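**Student:** Got a predicted model here, sequence first, then my questions.
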There are 2 protein chains.
Amino acid sequence: MNIGDVATSTGLPAKTIRYYEDIGLIKPLRDDNGYRRFRNQDVHKLNFLGRARALGFTIEDCRTLLALYEDETRASADVKRVARQHLTQIEAKIADLNAMQNTLSHLIEACAGDDRPDCPILQDLGGKP
Amino acid sequence: MNIGDVATSTGLPAKTIRYYEDIGLIKPLRDDNGYRRFRNQDVHKLNFLGRARALGFTIEDCRTLLALYEDETRASADVKRVARQHLTQIEAKIADLNAMQNTLSHLIEACAGDDRPDCPILQDLGGKP
DNA sequence: CTTGACCTTCCCGTCACTGGAAGCCCCATT
DNA sequence: AATGGGGCTTCCAGTGACGGGAAGGTCAAG
């Protein structure tokens, strides 16, 4: 399989696949013409990476998870730890965003949104005294 | 006021303040020795920027909002539109993160987290058939 | 033989900073 | 007067995870 086919089949952009090779996540073979040749295991890894990225894991987490995935002697505790740390970060982000959403939606509600200049949003940002 | 005092009083790092000048958000004066001299209006703008950034607005949004803030003839509708677009993006991010959190927390619950290799998290990422 | 779709590498740009180096400037102490 | 320490300046490079686009090689079809 060439990169285009792999891109189609995994849903990952070719650019991303090349990038993953650059940073050593996958190691496809090369044909004589220099084209990358992807084996099933490469495609499988890319699907793994795509799913892990979709869950928001960082590339470094993905590297770790992939190594654990390949390691038959892994302890599931190691996987769980990585996942739990990531979950904690996600929850922190959700909390931040919820706070922003709260503030913003209140301000928006309070704003007339007409052609007059009075605006509680700007008042708040300006440090309404 | 020199940059250090402004950093202390606004809570923004000096680096960030210099950056904001670089990209034209503020225009402090200069003393003869080349030091930036910040007027009250500069500090006020920086506080505005700090609050807008804390609400997650992009720098370009901040630029727009600051311009509206300074424009006595603004229409509050313009402010509201910017805020609503941003709120929409925040809500989209929250939805994404909630989906991740959902999936992740279920997977984590299902994982024994012991010294055995069996792991539903990796099974899921590997595309459990 | 040419066209057009692939593929390659390489370099720059993104966003909002952050770190660090090299070098002035100012004040206080010795 | 020299020194020390802090603060200030600029500039350059790096972050994460790619994406855009240029310049050029390769391949199958007509």
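**Tutor:** Structure's in. What do you need?
**Student:** Distance-wise, check the residue of chain A positioned farthest from its centre relative to chain B.
**Tutor:** Most distant from the centre of chain A: A:Arg116, at 41.7 Å, with distances by C-alpha atoms, centre = their mean. For A:Arg116, the distance to chain B equals 6 Å [C-beta to the nearest C-beta, to the nearest Å]. To be clear about C-beta, it is placed using only N, CA and C from the backbone, and glycine gets the same treatment.
**Student:** And A:Val6, by the same measure?
**Tutor:** 15 Å.
**Student:** That residue - nearest residue in space that isn't next to it in sequence?
**Tutor:** Spatially, and ignoring its direct neighbours in sequence, A:Val6 is nearest to A:Phe38 (4.8 Å; C-beta to C-beta, 6 or more residues apart in numbering or on different chains).
**Student:** What is the burial count for that neighbour?
**Tutor:** Other residues near A:Phe38 come to 24 when the count uses other C-beta atoms under 10 Å in any protein chain shown.
**Student:** what do you get for A:Met1?
**Tutor:** Using other C-beta under 10 Å: A:Met1 sits among 16 other residues.
**Student:** Could you pull up the contacting residues of it?
**Tutor:** A:Ser9, A:Arg37, A:Phe38, A:Arg39, A:Val43 (C-beta atoms under 8 Å, 6 or more residues apart in numbering or on different chains).
**Student:** Check the gap between it and A:His44 for me.
**Tutor:** Distance of A:Met1 to A:His44, computed by C-beta to C-beta, to the nearest Å: 12 Å.
**Student:** what's the answer for A:Val79, then?
**Tutor:** 18 Å.
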